[in-house]
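> Here is the input, now give the coordinates:
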Amino acid sequence: MHLEHSADLLAILDDDKSFRNAMQDLIEAEGMSALCFSSAEQFWGSEARHKAACWIADIRMPGMSGLELQVKLNTERCTIPIIFVTGRGDIPTTVKAMKEGAIDFFTKPIKESSLLAAIGHALEVDRTAKRKAQERAELLGRHLSLTPREREVLPLLVSGLLNKQAAAELGITEYTVQIHRGNIMRKMKADSFASLVRMAEKLNPSSP
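Predicted coordinates for the structure are as follows:
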């Protein structure tokens, strides 16, 4: 099994040097890059926590445990996919790790094919999350390009109001609403009114 993810960086966290080296060799043989850390604290203080596409961590390490690091990352809304490994697994710990968002959980010794499959899944999750974040950033940028009045008109239009109803709501003419609508469609790069509605829903998911 060979994974084509040369741009992906994986972080390996384990206090067992021989395990770290074995994991690094396996990952680099698949064309990926790996950085090793002997503790959760060392990883926390590195740039890798912002750049890694996935991290493989022992759930029990001296100092901060893998689970504690996972919780700490979650409070920062860090979405790096996590694969946990442990010398001796137990069901409550596994359940807690998975509830906190771990991609997978392995007990040593680990079957290489299973680990590589989990890494492949983790990298796909990371790419999807990064793509959605980029799309949302672009959408927010388009929304910021609207004038204050256009931002007032947008929610009225996508709520289903006719141009004349939106005009009455804002105390402006129907023709002015039409002008605003055209500008909004152009600035938001909406190729149809339906796509504009979907964009507005992404900007404000709590709106009806």
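> What lies in contact with the worst-scoring helix or strand of the chain on mean pLDDT?
For the chain, using mean pLDDT, DSSP states H and E, the weakest element among its helices and strands is helix 91-99, scoring a mean of 78. Residues outside helix 91-99 that contact it (Cβ atoms under 8 Å, 6 or more residues apart in numbering): Ile59, Gly66, Leu67, Gln70, Ile82, Phe84, Thr86, Phe105. Glycine gets a C-beta too; all of them are placed from N, C-alpha and C.
> how about the helices of this structure, start to end?
17-29, 40-44, 48-51, 66-75, 91-99, 112-144, 148-158, 163-170, 174-187, 193-203 (DSSP state H).
> what pLDDT does the most centrally placed residue in the chain get?
When Cα atoms, centre = their mean is applied to the chain, the residue found nearest the centroid is Ala129 (3.2 Å). pLDDT, Ala129: 88.
> try Leu3
pLDDT, Leu3: 42.
> before we move on, what about the one 3 residues further on?
The score at Ser6 is 41. That number is its pLDDT.
> ditto for Ala34
So Ala34 comes in at 93 (pLDDT).
> Ok, Ser38 next?
On the pLDDT scale, Ser38 is placed at 93.
> and what of Gly89?
pLDDT at Gly89 comes out at 68.
> got the contact list for stretch 179-186?
Contacts for stretch 179-186 (Cβ under 8 Å, 6+ apart): Leu146, Thr147, Arg149, Glu150, Val153, Leu154, Leu157, Asn163, Ala190, Phe193, Leu196.
> Val71 against Gly101, yeah?
No - between Val71 and Gly101 there is no contact under Cβ atoms under 8 Å: 10.0 Å.
> Which members of the contacts of helix 91-99 are classed as buried?
Ile59, Gly66, Leu67, Gln70, Ile82, Phe84, Thr86, Phe105 (16 or more other Cβ atoms under 10 Å).
> out of those, who's nearest Glu138?
The shortest approach to Glu138 among the buried ones among the contacts of helix 91-99 belongs to Ile82, at 27.5 Å (Cβ to Cβ).
> neighbours of the closest residue to the residue nearest to the centre of the chain other than its chain neighbours, just the number please.
Among residues not flanking Ala129 along the chain, Thr79 sits closest, at 4.9 Å (Cβ to Cβ, 6 or more residues apart in numbering). Using other Cβ atoms under 10 Å, the number of residues around Thr79 comes to 16.
> for Glu201, same thing?
13.
> per-residue pLDDT, it?
92.
> okay, and for the protein, where does confidence drop off?
1-7, 89, 205-208 (pLDDT under 70).
> care to break it down by domain?
Annotated domains of the chain cover 9-134, 145-203 [automatic domain parsing].
> most tightly surrounded among the ones you listed?
Burial of the domains of the chain is given as mean neighbour count (mean count of other Cβ atoms under 10 Å); domain 9-134 ranks first at a mean of 17.
> Excluding chain neighbours, what is closest to the residue of the chain most remote from its centre?
Distance to the chain centre peaks in the chain at Thr173, reaching 43.0 Å (criterion: Cα atoms, centre = their mean). Excluding its sequence neighbours, the residue lying closest to Thr173 (Cβ to Cβ, 6+ apart) is Ala167, at 5.8 Å.
> Show the contacting residues for the one you found.
Thr173, Glu174, Thr176, Val177.
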